[in-house]
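K.L.:
This is a predicted model, with the sequence first.
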Amino acid sequence: MPRKRPAEPARRQYSRDLRRRVIYQANILGKKTTNIAIDLDMPVRVVQRICKTWADIGDVCRERRYKGRRPLLDPEQTQFLVALLDHSPDMYLDEMQLQLLDQHNLDVSLATISRTLHRLGYSNKKVYRESADRFVCADESAVNVLTSYRKNGWSMQSLRARKRCNFVRGTRYSLLPALTTKGLIYSHVKLGGYNGDQFLLWLEGLLRVMNPYPQKHSILVLDNCRIHHVEGVEEMCEQAGIKLIFLPAYSPDLNPIEECFGWIKAYIARNGHTFRNIVENGDANAPFLFLYHVLDLVRAEDALSWFTHSGY
């Protein structure tokens, strides 16, 4: 009867911290491989392998190469899923599935999404809910003369509803408000668009009326617009004790201020004659006064409903 081969011992795993100690002793203290192996109680071959890995890639660990089929979600889609959960950690798997289909045209099973989440280290647990009063949502929007024209009109059936209009956009005014459940707490209007430096200047003013986390008005929510990622934004928020959250790409439905912009533009369209007369009057300050007046009309009950619609 053939003798059974004894089972091979399981390969020992060494933590990243222990591997860093190998590099420290080798490169900083100048110890020999055998001495390091004795000090840290590991085989000489392992010490040599760690030193070679450090020399090759500048790190103590190589990326693991997973065997089997490649993941169905690429890195961009995986990052989108992570951003979704950062904003709405209580989403159901079928809601994530629908978002992936809508935004990335990717149709995957619920099991695939579940496996992906577990691979990323996620688990399902009781939700700790942030108070909606802590959130401050901000974004930019633009208005011009075309904003003042109404989109719908009446006509006989089978005939177009026609209206003679001047389709010259004219001067562009950019709005940059900050919305809370109680309404707007900070806003700015300017000619043309915002650049990174102007956004930082606006952010400096906004942070003065916010509070350190976890107090009221202590979480700033922004989308992934380029100027929101300029150098200095995260540093300024960190110094002020503000928690900064970036929304997933292509997710305006997660930002309640988008509904606020819809309300503002609907008000301008309802009062289109007034806005056009103000713009055409020639007084450079009048359009700004009108737009600030519109921003002041945003009510707390409307703001709260917009936050509710966005899932806060």
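P.N.:
Ah, there it is.

K.L.:
What ranges does the protein have for its helices?
P.N.:
Under the criterion DSSP state H, the chain contains helices at 16-23, 33-40, 44-57, 75-87, 93-104, 110-119, 196-208, 233-240, 257-270, 272-280, 286-296, 300-309.

K.L.:
mind checking which of those helices is nearest residue 246?
P.N.:
For those, the distance to residue 246 is smallest for helix 75-87, at 7.3 Å, taking CB to CB. From N, CA and C alone the C-beta is placed, and that goes for glycine too.

K.L.:
quick one: contacts for the closest residue to residue 44 other than its chain neighbours?
P.N.:
Sequence neighbours aside, residue 37 is the residue nearest to residue 44 in space, at 4.6 Å (criterion: CB to CB, 6 or more residues apart in numbering). Under the criterion of CB atoms under 8 Å, 6 or more residues apart in numbering, the neighbours of residue 37 are 43, 44, 46, 47.

K.L.:
Thought residue 22 was touching the last one, still the case?
P.N.:
Spelled out, it's residue 47. Yes: at 5.7 Å, residue 47 counts as touching residue 22 under the criterion of CB atoms under 8 Å.

K.L.:
Please identify every residue contacting each of these two.
P.N.:
Jointly contacting residue 47 and residue 22 under the rule CB under 8 Å, 6+ apart are 36, 40.

K.L.:
which stretches of this protein have low pLDDT?
P.N.:
The chain contains residues with pLDDT under 70 at 1-11, 63-68, 129, 167-168.

K.L.:
could you redo the last one with a cut-off of 50?
P.N.:
Scanning the chain for pLDDT under 50 picks out the ranges 1, 5-8.

K.L.:
residues in contact with stretch 303-311?
P.N.:
Residues from elsewhere that reach stretch 303-311, judged by CB under 8 Å, 6+ apart: 87-88, 132, 135, 137, 179-184, 253-257, 259-260.

K.L.:
6 Å - rerun?
P.N.:
In this structure, residues lying in contact with stretch 303-311 by CB atoms under 6 Å, 6 or more residues apart in numbering are 88, 132, 179, 181, 183, 254, 256, 259, 260.

K.L.:
List only buried entries from those residues.
P.N.:
Buried members of the contacts of stretch 303-311, counted by 16 or more other CB atoms under 10 Å: 88, 132, 179, 181, 183, 254, 256, 259, 260.

K.L.:
Check the spacing between the second one and residue 223 real quick.
P.N.:
Spelled out, that is residue 132. When distances are taken as CB to CB, to the nearest Å, residue 132 and residue 223 turn out to be 18 Å apart.

K.L.:
Also the fourth one?
P.N.:
Residue 181 sits 19 Å away from residue 223, taking CB to CB as the criterion.

K.L.:
Check the fifth one too.
P.N.:
For residue 183, the distance to residue 223 under the criterion CB to CB works out to 20 Å.

K.L.:
Could you report the neighbour count for the spatially closest residue to residue 177 that is not a sequence neighbour?
P.N.:
Taking CB to CB, 6+ apart, and ignoring the residues beside it in sequence, residue 177 has residue 187 as its nearest neighbour in space, at 3.8 Å. Counted with other CB atoms under 10 Å, the burial measure for residue 187 works out to 19 neighbours.

K.L.:
these two touch, right, residue 187 and residue 296?
P.N.:
No: under the contact definition of CB atoms under 6 Å, residue 187 does not touch residue 296, with a separation of 8.8 Å.

K.L.:
quick one, domains of this structure?
P.N.:
Structural domains annotated on the chain: 16-57, 75-119, 133-159+166-309, as defined by automatic domain parsing.

K.L.:
Of all those, which one comes closest to residue 127?
P.N.:
The nearest among the domains of the chain, by CB to CB, is domain 75-119 at 5.0 Å.

K.L.:
which ones are touching residue 213?
P.N.:
Taking CB under 6 Å, 6+ apart as the criterion, residue 213 is in contact with 241, 243.

K.L.:
Could you pull up phi and psi at it?
P.N.:
Recorded main-chain torsions at residue 213 are phi -60, psi 140, according to degrees, to the nearest 10.

K.L.:
ok, it to residue 220 distance?
P.N.:
Residue 213 is 10 Å from residue 220, where distance means CB to CB.

K.L.:
residues shared between the contacts of these two?
P.N.:
Both residue 213 and residue 220 lack any common contact, where contact means CB under 6 Å, 6+ apart.

K.L.:
Please report how far residue 47 lies from residue 28.
P.N.:
For residue 47, the distance to residue 28 equals 15 Å [CB to CB].

K.L.:
if you count what's nearby, which of the two comes out ahead?
P.N.:
The residue with the greater number of neighbours, taking residue 47 and residue 28 and applying other CB under 10 Å, is residue 47; the counts read 26 against 8.
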